[in-house]
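In: Fold the following and give me the result.
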Amino acid sequence: MQKFYIKYREREKIFQIQAESEQDAIIIAKQLITSKYLLNPESDLTLCVLYTWNEIYERAIDSCCMSPELRAKDEARNQVREFALEKGFEDLEKAEIPEEMVEYYSDYFNLRFDLRGNIEFFEERKKKDPDRDWILTFSNSENADVYFWRFYGGLEEVKKKMLEMAQERSSNTDSELINLPTDPTEIEENLATDTLICMIGYEDYDYVISAKDFQKINWQFR
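Out: Numbers count the residues shown, from 1 in each chain. Just a heads-up that it's a prediction; the model follows:
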């Protein structure tokens with residue numbers, strides 16, 4: 001059994017049908033639509049099967065120049081690029097292998113195309129915060145010791161990690177706790193130094209947890 005995406009043109013509705021073949025999916029879709037909209041079973045329906053990028057691509061293999069299949073592949077590729085840019089994603093043309101990014105974006109958004117290469121269906125996705133290489137530090141105002149860790153993850157993930165570290169250091173102390181961040185929005189972002197700072201305040205001293213993107217560290221001593 002496969003999942004087929006069938007578009008009912010008259011009402012611009014898309015139905016997801018489980019079937020053994022494309023022809024079976026069309027038959028099932030017609031039965032479903034005539035029942036749902038109380039139509040005559042003999043009515044002429046404009047049904048359009050939607051395809052994945054890989055299916056569009058495979059149809060174009062060995063096609064002659066300017067064939068409908070090749071034009072559909074080129075159109076689909078261009079539409080994927082524009083779609084991804086509109087969603088705030090990287091331009092696939094900047095990738096080392098652009099075709100791999102076309103496939104990635106198509107899978108990520110579950111894009112479906114008609115036979116002309118037009119995007120007819122997609123699933124909304126939030127832009128994933130890219131993983132980064134972070135250097136985490138912990139220091140205590142009572143002494144000059146600084147401890148270092150390395151952490152891989154997105155911005156929100158590193159903020160959560162900093163909160164975990166703060167929680168772990170908020171007990172087993174004789175000094176009264178004055179300030180302890182409990183939400184990622186309380187992590188300070190120092191735009192001048194591209195550094196995240198989490199302060200744990202006690203009556204007699206402070207703990208400071210910081211994070212900085214390894215790629216943004218300036219290694220030149222001034």
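In: Show me the contact partners of stretch 65-74.
Out: Ile56, Tyr57, Arg59, Ala60, Ser63, Cys64, Phe113, Leu115, Arg116, Gly117 (Cβ atoms under 8 Å, 6 or more residues apart in numbering). C-beta: built from backbone N, CA, C; applies to glycine.
In: how about 6 Å then?
Out: With Cβ atoms under 6 Å, 6 or more residues apart in numbering as the test, stretch 65-74 has contacts from Ile56, Tyr57, Arg59, Ala60, Ser63, Leu115, Arg116, Gly117.
In: Go through those and name the one nearest Leu85.
Out: Gly117 (17.0 Å; Cβ to Cβ).
In: OK, contacts around the closest one?
Out: By Cβ under 6 Å, 6+ apart, the neighbours of Gly117 are Ala72, Glu75, Ala76.
In: Tell me, how many residues neighbour the second one?
Out: A total of 17 residues lie near Glu75 under the criterion other Cβ atoms under 10 Å.
In: Report the secondary structure state of it.
Out: helix (DSSP: H, G, I helix; E, B strand; the rest coil).
In: Show the buried residues in the contacts of stretch 65-74.
Out: Ile56, Tyr57, Arg59, Ala60, Gly117 (16 or more other Cβ atoms under 10 Å).
In: quick revisit: look over the contacts of stretch 65-74 and name the one with the lowest pLDDT score.
Out: Within the contacts of stretch 65-74, Ser63 has the lowest pLDDT, namely 85.
In: Ramachandran coordinates for that residue?
Out: phi -80, psi 150 (degrees, to the nearest 10).
In: who's in contact with it?
Out: Glu69, Leu70.
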